[in-house]
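[1] sequence plus predicted model, see below.
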Amino acid sequence: MIGILIPLFLRLGVSQRVSKALAILTVILGVAALLGALWFWIDAREEADDQRNQEIGATVQREGDLRETIARTEKANEAREEIRQVGPTGNRLRYDQCLRTARTPTNCERFLPRGETPER
């Protein structure tokens with residue numbers, strides 16, 4: 001490569017010594033430019049790969065969150081159905097279960113055993 005550049009610089013009217021230095025400098029700059037371009041290309045590919053991995057991770061996270069939400073909803077529906085079932089009034093266990101899941105605790109007083117007052 002240097003052998004091709006030296007005659008080129010000599011034709012431009014540069015001395016032999018300076019032509020050799022310019023040829024070496026040109027080769028060094030060319031190699032540096034190639035390495036820089038390679039660095040930018042690899043960096044761009046890595047960034048694109050990171051972006052894809054983040055999207056995959058977000059999708060997996062959403063899927064897991066949705067599964068957990070569905071499981072919680074099913075559990076809440078089961079508890080609601082259990083409380084709605086017709087049963088004897090005066091059942092302390094049903095009252096306690098109702099209190100754990102009800103938004104309005106006064107709605108659970110129907111399950112209290114006769115003579116007991118709600119705890120406040």
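    Looks like it came in fine. Numbering: from 1, shown residues only.

[2] what residue ranges in the protein score low on pLDDT?
    83-91, 114-120 (pLDDT under 70).

[3] quick one: list the elements packing against the top helix by length along it.
    When the chain is parsed with DSSP state H, its longest helix is helix 16-84. Judged by 3 or more Cβ pairs under 8 Å, 6 or more residues apart in numbering; DSSP states H and E, helix 16-84 is in contact with helix 2-11, helix 92-101. Every C-beta, even on glycine, is put in place using the N, C-alpha and C of the backbone.

[4] roughly how far apart are the nearest residue to T26 once chain neighbours are set aside and A32?
    Counting by Cβ to Cβ, 6 or more residues apart in numbering, the nearest residue to T26 once its immediate chain neighbours are dropped is L5, at 5.6 Å. Distance, L5 to A32, using Cβ to Cβ, to the nearest Å: 16 Å.

[5] the more surrounded of these two?
    L5 (18 against 10; other Cβ atoms under 10 Å).

[6] shouldn't the residue nearest to T26 be in contact with A23?
    Yes - with contacts defined as Cβ atoms under 8 Å, L5 counts as touching A23 at a distance of 3.7 Å.

[7] sorry, back to before: so which of the helices and strands packed on helix 16-84 is nearest A44?
    Among the helices and strands packed on helix 16-84, helix 2-11 comes nearest to A44, with 31.0 Å by Cβ to Cβ.

[8] break this structure into its domains for me.
    For the chain, the structural domains run 2-84, 87-115, going by automatic domain parsing.

[9] tell me the buried residues in the last one?
    Of all the residues in domain 87-115, those buried under the rule 16 or more other Cβ atoms under 10 Å are 94-95, 97-98, 108, 111-112.

[10] picking that back up, deepest-packed of the domains of the chain, please.
    Of all the domains of the chain, domain 87-115 carries the top mean neighbour count, a mean of 13, counting by mean count of other Cβ atoms under 10 Å.

[11] that domain: how far from the chain's middle?
    Here the centre of domain 87-115 is set off from its chain's centre by 43 Å, with Cα atoms, centre = their mean, to the nearest Å.
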